[in-house]
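Q: Following is a predicted model, sequence given first.
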Amino acid sequence: MLLIAGTRSLIAQDSTVQVSKSSKPVKNTFNSVWLIDNQTVMVPVKGTFEMDFQHRFGTINNGYDDFWGLFANSNIRMGFNYAPIDKLYVGFGITKFNMVWDFNAKYALLKQTVDNSMPVSVTVFGNMGIDTRKSSNFRYTVDRFSYFSQVMVARKFDDKFSAQVAPSLSWFNNVEAFVDSKGEIQSKMNHAHFAIAFMGRYRISDKVGLIANYDQPLTQHKTNNPHPNIALGIEMTTSSHAFQVFMGNYNALVPQYNNVFNQNDYRDWQFVIGFNITRLWNF
């Protein structure tokens with residue numbers, strides 16, 4: 001009896017090993033850490049260094065006058081990221097508008113598995129933005145700071161289609177205010193802003209995919225409520241590069257600025273042409 005019980009125990013243990021071996025994470029839910037204006041659940045492997053270059057032209061609604069925004073004022077961000085350990089990505093970047101430095105981190109909590117024992121991937125992302133314009137723009141030093149946090153849930157449905165949903169919270173220490181009839185200071189906008197993003201990728205070949213992104217503000221402010229973002233584009237990838245070109249409403253590049261202050265209205269064709277370039281190195 002003891003021998004039989006021991007044999008059953010060994011079989012059970014071996015079965016557990018086999019299950020764990022078959023529960024491998026799916027690969028390439030997305031091909032880049034970015035999809036248009038949002039982060040994806042993807043976290044590169046340990047030892048990966050990445051350089052980002054993001055560009056947004058002006059709005060297209062002026063037509064030929066500024067060549068559909070290509071000759072208008074543009075916004076640019078340069079970023080650098082590194083994966084010091086598995087599942088963790090840290091980095092920083094600087095953006096042309098307001099000379100905002102952002103310091104960010106991303107961690108993969110869960111990964112979708114091939115056998116669907118884990119049906120989705122879950123990643124968290126957060127950053128801190130610092131507006132580095134002259135001190136005359138601020139009353140207090142803390143007014144320079146803003147923050148962003150996001151939970152991303154994604155699923156790779158098959159070899160062609162992947163989708164992601166991502167609720168987020170933006171926070172600004174400094175928001176515009178006014179003095180009311182009672183002499184009290186009132187904020188024109190909330191310090192906190194909730195939003196949700198939906199995005200997807202459909203591969204049309206091994207290296208080319210169609211990409212889409214929709215961002216919906218949830219918080220209602222007293223004034224200057226932001227407009228949603230609708231973006232469509234195409235992505236081309238290699239083993240170490242990702243290039244995305246698209247058209248959408250966002251142009252701020254730092255996520256909390258996009259979510260809280262976007263005034264480009266898709267109903268007035270206030271779209272901008274943009275592109276993202278990422279380059280990876282493994283050490």
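A: Yep, that arrived. Treat the numbers as computed from the prediction; the structure is a model and nothing was measured.
Q: Please make it C-alpha for all contacts and neighbour counts, starting now.
A: OK.
Q: What ranges does this protein have for its helices?
A: Along the chain, counting by DSSP state H, helices occupy 2-22, 255-261.
Q: worst average pLDDT in these?
A: Of all the helices of the chain, mean pLDDT reaches its minimum on helix 2-22 (a mean of 46).
Q: what pairs with the closest residue in space to Glu235 that isn't next to it in sequence across the strands?
A: In space, Glu235 comes closest to Gln244 once its chain neighbours are excluded; the distance is 4.4 Å by Cα to Cα, 6 or more residues apart in numbering. Taking DSSP bridges as the rule, Gln244 bridges to Glu235, Asn276.
Q: Pro167 too?
A: The partner list for Pro167 in beta bridges (DSSP bridges) reads Ile196.
Q: ok, now which ones touch it?
A: With contact taken as Cα atoms under 8 Å, 6 or more residues apart in numbering, Pro167 is in contact with Gln150, Val151, Met152, Phe194, Ala195, Ile196, Ala197.
Q: biggest separation within those, which pair?
A: Across these, the two members that end up farthest from each other (Cα to Cα) are Met152 and Phe194, 14.1 Å apart.
Q: returning to what we had before: the residue nearest to Glu235 contacts Thr238, doesn't it?
A: No - counting by Cα atoms under 8 Å, Gln244 sits too far from Thr238 to count as a contact (12.0 Å).
Q: Burial check on the nearest residue to Met199 once chain neighbours are set aside, number of neighbours?
A: Spatially, and ignoring its direct neighbours in sequence, Met199 is nearest to Asn213 (4.3 Å; Cα to Cα, 6+ apart). A count of neighbours around Asn213, defined by other Cα atoms under 10 Å, yields 23.
Q: Likewise for Leu210?
A: Here the neighbour count serves as a burial measure; for Leu210 (other Cα under 10 Å) it reads 18.
Q: How about Asn174?
A: Taking other Cα under 10 Å as the criterion, the count of residues near Asn174 is 18.
Q: Which of the contacts of Pro167 has the largest number of neighbours?
A: In terms of neighbour count, Met152 stands highest of those at 25 neighbours, by other Cα under 10 Å.
Q: Contacts only, for the nearest residue to Asp66 once chain neighbours are set aside.
A: Spatial nearest neighbour of Asp66, excluding adjacent residues (Cα to Cα, 6+ apart): Ala72 at 5.8 Å. Contact criterion Cα under 8 Å, 6+ apart gives Phe57, Gly58, Thr59, Asp66 as the residues in contact with Ala72.
Q: quick one, phi psi at Ala72?
A: As for Ala72, its main-chain torsions (degrees, to the nearest 10) stand at phi -90, psi 180.
Q: That one and His193, how far apart?
A: Counting by Cα to Cα, to the nearest Å, the gap from Ala72 to His193 is 29 Å.
Q: ditto for Gly91
A: Counting by Cα to Cα, the gap between Gly91 and His193 amounts to 24 Å.
Q: In the stretch 101-250 of the chain, where is pLDDT below threshold?
A: 177-186 (pLDDT under 70).
Q: repeat that for 90
A: In the predicted model, the stretch 101-250 of the chain carries pLDDT under 90 at residues 137, 139, 175-188, 222, 238-241.
Q: one step back: ok, Gln244 and Thr238, which is more surrounded?
A: The residue with the greater number of neighbours, taking Gln244 and Thr238 and applying other Cα under 10 Å, is Gln244; the counts read 23 against 12.
Q: residue contacts, that one?
A: Taking Cα under 8 Å, 6+ apart as the definition of contact, the neighbours of Gln244 are Leu35, Ile36, Gly233, Ile234, Glu235, Met236, Phe275, Asn276, Ile277.
Q: same question, Thr95
A: Taking Cα under 8 Å, 6+ apart, we find Thr95 in contact with Asn75, Ile76, Arg77, Met78, Trp101, Leu253, Val254.
Q: That one bridge partners, please.
A: Arg77, Val100.
Q: Tell me how far it lies from Met51.
A: In this view, Thr95 and Met51 are 14 Å apart by Cα to Cα.
Q: quick one: common contacting residues for those two?
A: Residues within reach of Thr95 and of Met51 at once, by Cα under 8 Å, 6+ apart, are Met78.
Q: Kindly provide the distance from the residue nearest to Ser149 when sequence neighbours are not counted to Met51.
A: Distances taken as Cα to Cα, 6+ apart place Gly126 nearest to Ser149, at 4.2 Å, with adjacent residues excluded. Counting by Cα to Cα, the gap between Gly126 and Met51 amounts to 18 Å.
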